[in-house]
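Chemist: Output the structure for:
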Amino acid sequence: MALVESVKIASGTAMPAFELKDPHGRVFKSDQVYGPKGLLVAFTCNHCPYAQAVWPRLIRLADEAEKWGVRTVGINPNIHPGYPEDAPERMKEKMTEWGIRFPYLVDETQETARAFQAQCTPDLYLFDSSHKLVYHGRLDDNWKEESKVKKQELREAIQSLVSAKPVAGKQYPSMGCSIKWCE
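Modeler: Okay, the predicted model is just below:
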């Protein structure tokens with residue numbers, strides 16, 4: 001597992017449109033998953049220890065954000081024969097096991113991950129209601145041990161967004177396992 005950080009992407013960058021299926025075969029278009037105040041896009045997977053460590057926090061934050069008008073979508077770009085634990089059938093299992101209530105989508109061609117310039121799992125993007133990037137960074141300041149988290153940067157960014165305040169502060173890159181590119 002290679003540790004990789006997300007790349008810097010300028011605030012205000014337009015969100016790439018996407019159309020992906022969930023592991024049950026239902027099609028989701030980017031405009032359909034958008035909340036009235038914005039959208040949190042999480043490139044993630046099942047097997048990466050960094051992603052596994054933040055899944056519970058991401059799920060809780062997504063539930064909170066939904067109440068505030070920001071929806072969440074998870075996108076798994078690791079549909080790769082060398083990583084069977086990330087296959088769509090395993091995604092179904094994890095959706096049930098972890099209680100994932102937001103769409104968790106299959107990026108089989110990896111075109112969506114490439115369009116977003118995603119690098120790692122997790123790689124987190126927050127877009128405002130006009131589909132412009134306002135936050136691209138880590139979930140919080142301690143991926144490994146939730147009990148040691150002192151600053152919840154993504155939560156603060158969402159709160160700023162829904163309060164119509166600028167997203168303030170330095171945005172630290174997310175880090176995790178590299179995306180398992182097929183080509």
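Chemist: At which residues are the helices of the chain located?
Modeler: 30-33, 49-68, 88-98, 111-116, 153-162 (DSSP state H).
Chemist: So which elements touch the longest one?
Modeler: Secondary-structure packing of helix 49-68 (3 or more Cβ pairs under 8 Å, 6 or more residues apart in numbering; DSSP states H and E): strand 38-43, strand 70-76, helix 88-98, strand 120-121, helix 153-162, strand 175-178. (C-beta placed from N, C-alpha, C; glycine too.)
Chemist: do the third one as well
Modeler: Using 3+ Cβ pairs under 8 Å, 6+ apart as the contact criterion, the secondary-structure elements in contact with helix 88-98 are helix 49-68, strand 104-106.
Chemist: and what of the last one?
Modeler: Using 3+ Cβ pairs under 8 Å, 6+ apart as the contact criterion, the secondary-structure elements in contact with helix 153-162 are strand 38-43, helix 49-68, strand 70-76, strand 123-128, strand 133-137.
Chemist: Check which residues of that helix are buried.
Modeler: 153, 154, 155, 157, 158, 159, 160, 161, 162 (16 or more other Cβ atoms under 10 Å).
Chemist: if I pick the first one, what's in contact with it?
Modeler: Shown here is residue 153, whose contacts under the criterion Cβ atoms under 8 Å, 6 or more residues apart in numbering are 135, 137, 138, 139, 140, 141, 169, 171, 172.
Chemist: Taking the centroid of the protein, which residue is nearest it?
Modeler: residue 42 (0.6 Å; Cα atoms, centre = their mean).
Chemist: Hmm, residue 71 and that residue touching each other?
Modeler: No: judged on Cβ atoms under 8 Å, residue 42 makes no contact with residue 71 at a distance of 11.4 Å.
Chemist: wait, residue 44 sits on residue 55?
Modeler: Yes: counting by Cβ under 8 Å, residue 44 touches residue 55, with 7.4 Å between them.
Chemist: neighbour count winner among those two?
Modeler: residue 44 (28 against 22; other Cβ atoms under 10 Å).
Chemist: Please give me every residue in contact with the more buried one.
Modeler: 51, 55, 58, 74, 75, 76, 121, 122, 123.
Chemist: Appreciated, that's everything.
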